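# starting from these lines, generate the structure:
(chains A and B)
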Amino acid sequence: MKRYLPWLVLILAFAWVSVSWLPPKIQQGGPDLVTFGKIPVLVGGRVKPLDTVGRNSLLIVHGKETLRLADGKQLTAIEWLADVVLKPAIADDYPLFVIQNAEVLGLFGWEQSDRKYFSFNELAPFLKQIDAQGEQADKLESVERSAYQTAILNLRNALILCQRLKNSLRPEDAHEFATEIATYVAAIPSAAEAARQREKGETFDKEKLDAMAAFAERYDNLANMAYTLAVPPAQGARWRPIGAVLTDTLRSGEVHPVVIAYAKLGDAYHAGDYQAFNQQAAFLRDWFAKEQPTAVRRSAFEFLFNHVDPFTHSMVLYVLAFLLACFSWLGWSRPLTRTAFYLLLLALAIHTFGLGSRMYLQERPPVTNLYSSAIFIGWGAVIVALILERIFRDGIGAACAGAIGFITLIIAHHLAGSGDTLEMLQAVLDTNIWLATHVVAITTGYSAMFLAGMLAMIYIIRGVFTRSLQKQTADSLARMTYGVVCFATLFSFVGTVLGGIWADQSWGRFWGWDPKENGAVLIVLWCAMTLHARWGGYIRQRGLMIMAIFGNVVTSFSWFGVNMLGVGLHSYGFMQKAFPWLVGFVVSQLALMAIAAMPLERWRSFQTIATSSRRDRDGVKFVPGKLAVETTSE
Amino acid sequence: MLLRKFIDLITSLKLTIACLAAAMALIFAGTLAQVHLGIWEAQQRYFQSLFVWWPAEGNGFRIPIFPGGHLIGAILLVNLIAAHVKRFRWTWRKLGIHLTHAGLIIMLAGGLFTDLFAVESHMRLNVGGTKNFSEDPRRMELAVIDTTNPEVEQVTAIPESVLRRGGTIEHKSLPFRIAVRHYYQNSRLQMAGEAGGAKQPIANRGPGAQAVVEPVPRSTGVNDRDLVTAAVEILAAEGSLGIWLVSDALDAPQTFSAGDRTWQLAMRPVRYYKPYSVTLQKFTHEKYPGTEIPKDFASRITLIDEDGGVNRNVLIYMNHPLRYRGETYYQAGFERDDRTSILQVVRNPSFLAPYIACIIVAAGLLVQFGYHLVGFSRRERAVPA
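Numbering: from 1, shown residues only, chains lettered A, B, ... in the order given. Next comes the predicted model:
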């Protein structure tokens, strides 16, 4: 049993992961939302599948990637998107918008209750108020907004997004859009004739001209409202919204095949004729495959990436591995650490797939925003921790890998709420060389800092609260921590200086005392202090651990804290929500440092050793914590 | 004996650690201070100073409460050099440490040098416009220009710091004295009619006589700047020529005559004149389709240098500056619906220091930690797990 356990668990985990790679099921006789979901559109400067548009929009508006209806039925993002863009009348009743702020509810005369989701129709009477209040809040800097102002602004933005989605592929009030377009096209020649007559001063049919003007206005509005640009460029030009393409029809008299297909697709969806819907979706798939092969390849891959959801899977595996590694210290250690190690390898493989997919989709180095920094920090730390596990084989590296992998992915998950995590980059960031060097080096430094902090936490928790911290374990923990701090120093320093060089290249200032730069240099200084204090013999094993834990505080300040200040070039959005978490984390770390500073007699592990008066292998009596760490710089 | 103790102190590792700790505290406090003071002001008070003072401003009693960035940096530099001079012994084992610290010395010295000697300024160019000077948007000067000869303008510039001190200013090139009656670090100007009856204009000549000045607190934003305003009285030999309001908000220079010559008064950003000229041909500002996210900014300029016989077109865009005659031009911003391009102009004689330092330190750290790593894995192999 013991021998087979690791393999058994690995096979089970592998099977669980593989299930998500199976193609999604299409309901018999229902709409083929898989084909529909893979159709590429351009949103936010990037070509992406409708599936991604659905997921991101639902995340922004609803805060989740699925929507539970009043009758308990659960809609996936693409199901919701199909209803919103093709059949808005139904979607207007969905409990979609999140309102939790009591003042916002009070604005509508509602009391705060368990209910937090409201439908468009419920909010419809208050649209003017929401718009006016939101507009006022919009004028303020994000740091200056009150909770109410933030909430009302978010609601306003969510409503705007929804209205734009409704008018993305067809006018929201259209029923038989294909027929409407046909009428419009048929009316063009006679309207043109009327216009000519008017110019010449002859009698003309005013009705025909007015009808055409009404069409033109309708499609112009549609073009302005559209959230997605659905029609790809013929050659080199830009993607355009359906409304704009229809306006062009006025000149050419021809309708773009994509526009017709979308119109018929929407009509079929409206009428519940899913066979016709599937036909049109298949037509669009084939048309795009022929005209836009690259866009289709990418969209299909992104659809797969969304569907496979690699980060959620690796998150679960990381937790599992962490727990197994922790249990291994209580007993049965060989099979458990080995199982944890295998699970971690699987989790890392999936994590790597996710990271690589994002790089392929974005054509960028791995870190481009806060979200991707979390993904990358976890990835880097897991790799280093696994190397440590390979060397020491005592479950410590595995526990660290599991814990850091899980925590960073959870953080990433919560950072994804603002929409597309593969967003386009501001002009100054548009340089792959510096993203690949400066940003990667800095985030690798963060990884190492958190790993060192994690090792130190294990040292202290095991030492103080359990009897499991043997001298050998303590020594190897100290050596691991020391090595990882060295690693962190190297990467943080190089990353920080590379950042300065980038700044010198882009605006002629090597160092600007920007908060993010300051955060980075704080890490470098802290590493330098830790290493010098140890080389000078001012700290030993326990001191190193305490300093490594404070390294967590410094790194979290650099990673998140400075962004919360709301100043400087690197502040990618103020994160009020994360502030209590950051404070909580810092307090927990300070508490651990205080615990570690307790007299050694209070450490459970050292009580054992001290009473046994065991001599270590060099024949020197082992005095825990006072152990002179071998001096590397004499 | 005392010298011995001093040498021990100045070369000690404890001093290094203390400096590092002090630097961390200073940077942390300075970063938090940026929220209220703005990046520039916080930088002046915390990092580019010998001491952090309390209270921070005012001419009254002030005490230094913490060493500033320049002091800590200087001590660290001295400590680093002294420790190496005292203990330097060449061994291969210490190669990494020596390299790292040599690189750090270059970096710290370069940083100090940059702080003292680098000059940053802006060149604002309208499309089609030509300039042969850049301006420092942070520092103002009162330019008194002798325009009698239309061929050559004789400029006498009075720095902001002199105006702030107040009093009466004399200069040998000026046949009159200038008395500073009022000075406002940051201000708002309004037309006298709109401001309500209570306030009266402080000037009695020129367009400023119709304006009311209201002092406002100093701005803190990254891109905000103070609107410096002063009221100056021109005192010629024959008596007062009136009080003039000089402010960045009053665009056109104000003209008066004194001593048979025609003069202009203008409060304007400090200018750095160049021996060449720059003409903006075209400015492009691209956005990603369907978004407001900027994709690219680029300025197409013509550089004309009669001395060097240079006349060429240059494209300056993000991460691609123009380096010319010791100055570097960067695309920094734009104004007026993309009709004005702002170029950042930097003269930094020590700009290479960090590049060199980075390479040396990185190599040093690699050697040092690589050395540890080899020892570490050897030891691991020796001890069975």
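# can we go C-alpha only for contacts and neighbour counts from here?
Will do.
# any stretches of chain A with poor pLDDT?
The model of chain A has pLDDT under 70 over residues A:1, A:142-143, A:236, A:427-428, A:566-576, A:608-634.
# which is the succeeding secondary structure element to the longest helix belonging to it?
Taking DSSP state H as the criterion, chain A has its longest helix at helix A:471-507. Toward the C-terminal end, the helix or strand that comes next after helix A:471-507 (DSSP states H and E) is helix A:515-535.
# convert whichever helix or strand comes after that next one to CSV, retaining C-alpha atoms only.
Moving toward the C-terminus from helix A:515-535, the next helix or strand (DSSP H and E) is helix A:541-556. C-alpha atoms of helix A:541-556 as CSV (Å, rounded to 0.1, in the frame of the first residue of the first chain):
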residue,chain,number,x,y,z
GLN,A,541,19.5,30.8,13.1
ARG,A,542,16.6,32.3,14.9
GLY,A,543,17.5,35.8,14.0
LEU,A,544,17.7,34.8,10.3
MET,A,545,14.2,33.3,10.6
ILE,A,546,12.8,36.4,12.2
MET,A,547,14.4,38.6,9.6
ALA,A,548,13.1,36.3,6.8
ILE,A,549,9.6,36.7,8.1
PHE,A,550,9.9,40.4,8.2
GLY,A,551,10.9,40.0,4.6
ASN,A,552,7.3,38.9,3.9
VAL,A,553,6.1,42.2,5.3
VAL,A,554,8.6,44.2,3.2
THR,A,555,7.7,42.2,0.0
SER,A,556,4.0,42.5,0.5
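# just the helices in chain B please.
B:2-10, B:13-37, B:39-42, B:69-87, B:95-117, B:160-165, B:353-382.
# for the longest one, packing partners?
Same thing as helix B:353-382. helix A:471-507, helix B:95-117 (3 or more Cα pairs under 8 Å, 6 or more residues apart in numbering or on different chains; DSSP states H and E).
# highest mean neighbour count out of these?
helix A:471-507 (a mean of 22; mean count of other Cα atoms under 10 Å in any protein chain shown).
# that one close to chain B?
Yes. For helix A:471-507, a contact with chain B is found by Cα under 8 Å from any Cα of the partner chain, at A:483, A:486-487, A:490, A:493-494, A:497-498, A:501-502, A:504-507.
# that helix to helix B:353-382, inter-axis angle?
160 degrees (axes from the mean of the first three to the mean of the last three Cα atoms, to 10 degrees).
# up against chain B, what does the stretch 301-450 of chain A have?
So the stretch 301-450 of chain A meets chain B at A:391-393, A:424-428, A:430-431 (Cα under 8 Å from any Cα).
# quick one: contacts of the helix or strand residue A:303 falls within?
Here residue A:303 sits within helix A:293-308, counting by DSSP H and E. Contact with helix A:293-308 is made by A:20-21, A:24, A:37-40, A:47-49, A:51-52, A:288-289, A:354, A:357, A:361, as judged by Cα atoms under 8 Å, 6 or more residues apart in numbering or on different chains.
# return the set of buried residues in it.
A:295-296, A:298-305, A:307-308 (16 or more other Cα atoms under 10 Å in any protein chain shown).
# stretch A:29-38 too?
Buried-residue list, stretch A:29-38, by 16+ other Cα under 10 Å: A:31-38.
# same question for stretch A:312-321.
Those would be A:312-321, for stretch A:312-321 by 16+ other Cα under 10 Å.
# which ones among those lie within strands?
The strands, defined by DSSP state E, take in nothing from the buried residues of stretch A:312-321.
# so residue B:279 touches residue B:311, yeah?
No. Counting by Cα atoms under 8 Å, residue B:279 does not reach residue B:311; the two are 10.7 Å apart.
# coming back round to it: same list (the helices and strands packed on helix B:353-382) but as TSV, adding distance to residue A:243.
Compiled in TSV, the helices and strands packed on helix B:353-382 are given as follows (distance: least, Cα to Cα, whole Å):
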stretch	distance to residue A:243
helix A:471-507	40
helix B:95-117	55
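# go through the residues of helix A:471-507 next to chain B and name the one nearest chain B.
residue A:506 (4.3 Å; Cα to the nearest Cα).
# what's near enough to touch the nearest residue to that closest one once chain neighbours are set aside?
Once flanking residues are discounted, residue A:506 sits nearest to residue B:319: 4.3 Å by Cα to Cα, 6 or more residues apart in numbering or on different chains. When contacts are counted by Cα under 8 Å, 6+ apart, residue B:319 touches A:428, A:431, A:502, A:505-507, B:330.
# what's the answer for residue B:248, then?
Residue B:248 touches B:227-229, B:266-269, counting by Cα under 8 Å, 6+ apart.
# what's the domain layout of the chain?
All of this refers to chain A. A:1-20+A:309-424, A:50-166, A:177-299, A:433-634 (automatic domain parsing).
# my bad, the chain I had in mind was chain B
Taken from automatic domain parsing, chain B resolves into B:2-118+B:352-382, B:121-131+B:273-347, B:136-271.
# worst mean pLDDT among these?
Here these differ in mean pLDDT, and the lowest is domain B:136-271 at a mean of 81.
# picking that back up, farthest-separated two in the contacts of residue B:248?
B:227 and B:266 (13.4 Å; Cα to Cα).
# re earlier: anything in contact with each of residue B:279 and residue B:311?
The contact sets of residue B:279 and residue B:311 overlap at B:302-303 (Cα under 8 Å, 6+ apart).
# for residue B:330, give its distance to chain A.
Separation of residue B:330 from chain A (Cα to the nearest Cα, to the nearest Å): 6 Å.
# so that residue makes contact with residue B:345?
Yes. Counting by Cα under 8 Å, residue B:330 touches residue B:345, with 6.5 Å between them.
# what residues are up against residue 79?
By default, I'm working from chain A. The contact partners of residue A:79, by Cα under 8 Å, 6+ apart, come to residue A:33.
# wait, chain B
B:10-12, B:15-16.
# the nearest residue to residue B:234 once chain neighbours are set aside: neighbour count?
Closest residue to residue B:234 apart from its sequence neighbours, by Cα to Cα, 6+ apart: residue B:178 at 4.9 Å. Neighbourhood size, residue B:178 [other Cα atoms under 10 Å in any protein chain shown]: 20.
# which residues does residue B:178 bridge with?
On the basis of DSSP bridges, residue B:178 is bridged to residue B:169, residue B:234.
# distance of residue B:161 relative to residue B:142?
Residue B:161 sits at a distance of 10 Å from residue B:142 (criterion: Cα to Cα, to the nearest Å).
# and these two? which has more neighbours close in?
residue B:142 (24 against 11).
# now do that one against residue B:254, distance only.
12 Å.
# intersection of neighbour lists for those two?
What both residue B:142 and residue B:254 touch, as defined by Cα under 8 Å, 6+ apart, is the set B:265-266.
# contacting residues for the residue sitting nearest the centre point of chain B?
What sits nearest the mean C-alpha location of chain B, by Cα atoms, centre = their mean, is residue B:120, with 5.3 Å. Taking Cα under 8 Å, 6+ apart, we find residue B:120 in contact with B:136, B:344-347.
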